[in-house]
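Enquirer: Next comes the sequence, and after it the predicted model I'd like to discuss.
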Amino acid sequence: MQNRIPFRFFSRTPSIRISVLLVVGLLLFASSGKAQQPHRYPIIPRPAKLTEKPGTFFITPNTKVYVKGGGPEIEKVADNFKTQLRETTGFSLQATSAPGKNAIAFIVDASIQEREGYRLSITNKNITLAFKTAPGAFLGVQTIRQLLPASPTGKKVPLPAVEIEDAPQFGYRGFMLDVARHFQPLDFLKRYVDLLAFYKVNTFHLHLTDDQGWRMEIKKYPKLQEISAWRKETRVGHRRDEQVLFDGKPHGGYYTQEQLKELVAYAQERFITIIPEIDMPGHSQAVLAAYPELGCKDTTYQVSTSWGVHKDVYCPNPATFQFLEDVLTEVIAIFPSKYIHIGGDEVPKDRWKESAYAQSLIKEHNLKDENGLQSYFMRRMEDFMISKGRSIIGWDEIMEGGVSKTATVMSWHMGQVGAAARGGNDEIMVANAHLYFDYYQTKEGRKREPVAIGNFLPLEKVYAFNPIPQDLDAAAAKRVLGVQANLWTEYVPTAAHAEQMTFPRLCALAEIAWAAPERKNYADFIQRLGQNLKHLDKLKVNYAKYYLEQLPTAPETKQPN
Ligand code: ACM
């Protein structure tokens, strides 16, 4: 239920106010009867098919691990699982060459169709995890981890008996973190990789460049590190506040290429693809601060210290194209992903309208206007990427002046959701009203929460999103590769704050990315979530608890597990 208690009820001291709300939320939760019934299978995302079974398997120090076929990648998945079990239970499980009683068996099974599919059988006697590929094995392991107690004690660790047949509805299940507006250290990115993996989110999109900072070492352009990676201070409060205040503190940083290689390898071991984004032609003021010749005006620039859409963008001149090709050459040497994101969002055309060079290009190439020029720009960069064997993703604005059929579109405006797929392009849904995790989590917004960009995105609204719009025909629906949530960080300066904005909304994203609509049930999700979050407690993830005040009043119809 949404909060119907008048705001004046609450103390003006935020911590007391939040405590009161939490108690009210917990009471509502308890009175719905849900709190007393722990979910026997608190798995997020919900598996495609789960058959409840009576009984329990106990992992003990004598449990053995059996691995049949599959080669070193599967061995590695099993080894990593053993390491995790050692860390949580203290048991060092030994290998066995024969499956049997008290064993966990990893078995390649060619009858499984889906690349990321797996079958998990837990009985009183043993555990069998069957899969076609190493990613399938890894995903099955995450299910086992979620069934384990978050803080096991003693020499017998219980797992509920069950039969699961599982595979995702989408191959692309993504999360984007903006490390340009606020830089986060490499260890934080690795922690996010672990958390994404736990929820079967398989794509981590890094927004590496923006007006306020450039975050990737590019060897050919050292001023990106020296100048573009740093801003002298940061706007305080909301950018629309009347009072204009700055913190007076320099902010910045960048990842070296060695660090990024390390991150890619770390993610690969967890079957997560890192997609880098180099935003162009807009959101590029930090670059212009270092290389002003890439702008259209004969002037100097500074790395931006405030937020919003900036008018100083790359000029479509030869120096810019040379720079971007050089940058992308270094990017693809570090990131092996099929897709490289080249932005394309929010490009004011003011500078191009004023520029004789930009106007001459419009004439020379018979382009309709500045939107046509943006399409020319993006297409040129796409051709370069294709020549290197890669594909591009762009934000939905890349369609404004016409888009090539080979580009994948990330649709963030609600009005554009489905448009690319309908028009014949592959599409990834990032519908902002449902999937922008920089939005407030309570109706009271800034009165209760740290300042955020605006809007209201409670957990339930993330969960309610269906990535396939109802009016898409079957052919267009096939072009929907998947779904992603974005955390923009203008107003998210710290790691703890990023976690607060990400979780548990990421759990809802994970479920809509994995589970088909007929498997969705919000009341059931909430019940699983309550227990599942104990794992995040163990990991000291600073997840938000506002959802406890926003629980549904009437339980939804019971569905089979
Ligand atoms: C975006 O939100 N500018 C993609």
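Expert: Okay, I see it. Numbering: from 1, shown residues only.
Enquirer: okay, S31: pLDDT?
Expert: S31 is assigned 45 on the pLDDT scale.
Enquirer: Any regions of the stretch 151-300 of the chain where pLDDT drops low?
Expert: For the stretch 151-300 of the chain, no stretch is flagged by pLDDT under 70.
Enquirer: can you pull out the helices in it?
Expert: Per DSSP state H, counting those that start in this stretch, the stretch 151-300 of the chain carries helices over the ranges 186-198, 223, 257-269, 285-290.
Enquirer: Restricting the selection to alpha carbons, write the first one to PDB.
Expert: What follows is the C-alpha trace of helix 186-198 in PDB, where atoms were taken according to Å, rounded to 0.1, in the frame of the first residue of the first chain:
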ATOM      1  CA  LEU A 186      37.700  -0.300  -8.900                       C
ATOM      2  CA  ASP A 187      36.900  -2.400  -5.900                       C
ATOM      3  CA  PHE A 188      33.400  -1.000  -5.800                       C
ATOM      4  CA  LEU A 189      32.900  -2.000  -9.500                       C
ATOM      5  CA  LYS A 190      34.100  -5.600  -8.600                       C
ATOM      6  CA  ARG A 191      31.600  -5.600  -5.700                       C
ATOM      7  CA  TYR A 192      28.900  -4.600  -8.100                       C
ATOM      8  CA  VAL A 193      29.900  -7.400 -10.500                       C
ATOM      9  CA  ASP A 194      29.500  -9.900  -7.600                       C
ATOM     10  CA  LEU A 195      26.100  -8.500  -6.700                       C
ATOM     11  CA  LEU A 196      24.900  -8.400 -10.300                       C
ATOM     12  CA  ALA A 197      26.000 -12.100 -10.700                       C
ATOM     13  CA  PHE A 198      24.100 -13.100  -7.600                       C
END
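Enquirer: Can you tell me which of the helices of the stretch 151-300 of the chain is nearest to F377?
Expert: helix 285-290 (14.6 Å; C-beta to C-beta). All C-beta atoms are positioned from the backbone trio N, CA, C, and that covers glycine.
Enquirer: counting contacts, what elements does the helix or strand following the closest one pack onto?
Expert: The helix or strand immediately downstream of helix 285-290 is helix 318-334, counting by DSSP states H and E. Where contact means 3 or more C-beta pairs under 8 Å, 6 or more residues apart in numbering; DSSP states H and E, helix 318-334 is packed against helix 257-269, strand 273-280, strand 339-343, helix 370-387.
Enquirer: Please report how far the residue nearest to the spatial centre of the chain lies from A167.
Expert: Nearest to the geometric centre of the chain sits F175, at 1.0 Å (C-alpha atoms, centre = their mean). Computed as C-beta to C-beta, to the nearest Å, the F175 to A167 distance reads 20 Å.
Enquirer: Could you list the low-pLDDT ranges of this protein?
Expert: 1-36, 553-561.
Enquirer: What residues does it have near the ligand?
Expert: For the chain, the residues found near the ligand under the criterion C-beta under 6 Å from any ligand atom are 345-346, 395, 412.
Enquirer: Just the residues you listed: which are in strands?
Expert: W395 (DSSP state E).
Enquirer: Now rank the residues of the chain next to the ligand by neighbours and give me the top one.
Expert: Of all the residues of the chain next to the ligand, the highest neighbour tally under other C-beta atoms under 10 Å goes to W395, namely 24 neighbours.
Enquirer: Surely it touches V347?
Expert: No - using C-beta atoms under 8 Å, W395 makes no contact with V347, being 9.7 Å away.
Enquirer: Surely the residue nearest to the centre of the chain is in contact with N202?
Expert: No - checked against C-beta under 8 Å, the pair F175 and N202 is beyond contact range at 9.7 Å.
Enquirer: Quickly list what's touching both of these two.
Expert: Here F175 and N202 have L196 as joint contacts, going by C-beta atoms under 8 Å, 6 or more residues apart in numbering.
Enquirer: Right, and the ligand sits closest to which residue of the chain?
Expert: Relative to the ligand, the nearest point of the chain is D345 (3.9 Å; C-beta to the nearest ligand atom).
Enquirer: List the contacts of that residue.
Expert: 279, 282-283, 394-397, 412.
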